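Peer 1: Let's see this in three dimensions:
(one chain, ligands or ions: 1)
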Amino acid sequence: MRPLIIPFFIPHAGCPHTCLFCDQHLISGEQAQLPTPEQIAATAQEWLARSPGRPAEVAFYGGSFTLLPRQTQEQLLGAVQPLLTEGAVQGIRLSTRPDALDAGVLDFLAGYQVQTIEVGVQSLDDEVLQRSGRGHTGRQATEAIQRAVAEGFRVGAQLLPGLPGDTADKALHTLRGVIAAGAHFVRIYPAVVLAGTGLADLYRQGRYCPPDLEGGVRLCAGLLREATTGGCPVVRIGLQADDGLVPGQTILAGCWHPALGQLVKGELFYDLVLRLASRLDDRAKMVLYCHPHRLSEVRGHGNRNLRRWHDGGLPLFEVRTDPLLEQQQIRIETIKQKLKDSLVTYSNYKEHTYA
Ligand code: SF4
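Peer 2: Model prediction:
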């Protein structure tokens with residue numbers, strides 16, 4: 001059973017930086033105000049009451065938790081301790097910067113039973129990091145992940161492909177780097193230009209253009225396939241649909257869609273079917289099979305894949321489910337042939353550079 005995540009957002013709190021792409025107030029949909037210990041306890045109890053019996057974790061997202069004043073960190077983490085002691089929640093997770101995770105910090109977090117640390121890596125390429133105003137290097141990020149993994153933490157890496165100076169190859173290199181460093185999972189947030197950020201200035205001046213929806217879906221699909229092949233779960237693709245995120249208003253440009261994850265997963269199956277179909281001798285009476293859990297992804301968001309196959313001259317009208325297939329597999333049957341392939345054996349990655 002997936003744990004219940006009880007989230008507390010601490011937008012910009014603790015963060016002395018102003019990364020070019022960041023507006024944490026907007027992304028979290030909340031104003032910068034730290035929850036009090038009383039609010040943490042009350043909110044956690046509310047969430048727990050709605051999902052009795054489900055394992056739960058308290059999460060502190062946004063900002064850079066370990067750059068908060070130590071006393072504030074103690075207050076926030078301390079508020080969760082009674083819940084841990086009585087077994088109401090099983091762990092704490094938080095997000096922070098790679099350069100705010102030295103050995104002393106990790107010791108401190110371990111003492112408060114923090115289990116999961118999400119590291120804001122964004123990119124491992126120093127040029128991308130420098131042009132985005134991150135203030136740390138790729139090596140610092142790699143070492144932070146390695147250190148936290150070695151200390152027994154579960155570590156997630158947050159990646160932001162498509163920043164100024166980034167390329168598909170650099171994004172892929174970043175993904176491989178965090179997996180090699182030991183990251184247990186990743187989140188992929190393709191770059192979007194948020195109003196009021198430094199990135200918005202560059203965009204308006206014509207000095208930066210992020211991947212659009214189509215390009216971002218292709219980019220993320222390549223990363224998702226690589227992560228899947230590398231055995232590293234991708235737990236999130238794209239920013240959460242939120243009232244504060246409005247295309248054309250708060251989102252000026254970039255790859256954003258309320259169902260971006262589904263678009264990306266569907267893209268992998270779209271490519272796989274094209275490849276498999278190219279090996280058919282005869283396309284008459286073609287039927288596509290997939291695992292039942294993958295049906296909506298195979299058909300594509302709003303049947304987008306079915307339409308595109310059809311428009312591209314692939315007469316594929318029927319998708320059936322076969323529980324004996326693995327979730328990554330598909331099979332195409334015609335009168336004369338049966339062909340099977342899997343997402344994890346297929347790559348269709350293209351180089352592209354973002355200004
Ligand atoms: S370090 Fe994190 S919270 Fe701070 S400005 Fe950069 S992205 Fe935003």
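
Peer 1: what about the helices in the stretch 1-150 of the chain?
Peer 2: Remark: helices assigned in the stretch 1-150 of the chain by DSSP state H, counting those that start in this stretch are 24-28, 37-50, 70-85, 103-111, 126-131, 138-150.

Peer 1: The ones you listed: which one's closest to the ligand?
Peer 2: helix 24-28 (4.8 Å; C-beta to the nearest ligand atom). Placement of C-beta: from N, CA and C, glycine included.

Peer 1: now the helices of the stretch 1-150 of the chain in CSV, with mean neighbour count, distance to Gly248 and mean pLDDT?
Peer 2: Output for those, formatted as CSV (neighbours: other C-beta atoms under 10 Å; distance: least, C-beta to C-beta, whole Å; pLDDT from 0 to 100):
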stretch, mean neighbour count, distance to Gly248, mean pLDDT
helix 24-28, 20, 14, 55
helix 37-50, 14, 33, 93
helix 70-85, 16, 36, 94
helix 103-111, 15, 40, 98
helix 126-131, 18, 26, 98
helix 138-150, 20, 33, 98
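
Peer 1: Make TSV out of the ones you listed and add distance to the ligand.
Peer 2: Below are these laid out as TSV (distance: least, C-beta to the nearest ligand atom, whole Å):
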stretch	distance to the ligand
helix 24-28	5
helix 37-50	20
helix 70-85	15
helix 103-111	15
helix 126-131	11
helix 138-150	12
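
Peer 1: got those as CSV, with distance to Leu325 columns?
Peer 2: Formatted as CSV, these follow (distance: least, C-beta to C-beta, whole Å):
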stretch, distance to Leu325
helix 24-28, 38
helix 37-50, 35
helix 70-85, 41
helix 103-111, 42
helix 126-131, 39
helix 138-150, 34
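
Peer 1: what about those, which gets the closest to Leu245?
Peer 2: helix 24-28 (7.2 Å; C-beta to C-beta).

Peer 1: do you know how far the residue in the stretch 151-300 of the chain that the ligand sits nearest to is from Ile10?
Peer 2: Using C-beta to the nearest ligand atom, the single residue of the stretch 151-300 of the chain nearest to the ligand is Leu160, 8.6 Å away. Using C-beta to C-beta, to the nearest Å, we find Leu160 at a distance of 19 Å from Ile10.

Peer 1: Same question for Ile188.
Peer 2: As for Ile188, its distance to Ile10 is 22 Å (criterion: C-beta to C-beta).

Peer 1: how near is Pro331 to Leu343?
Peer 2: Pro isn't right for residue 331; it's Arg. Arg331 is 13 Å from Leu343, by C-beta to C-beta.

Peer 1: Between the two, which is the more surrounded one?
Peer 2: Shown here are Arg331 and Leu343; by other C-beta atoms under 10 Å, Leu343 has more neighbours (22 against 17).

Peer 1: how near is the more buried one to Ala88?
Peer 2: 39 Å.
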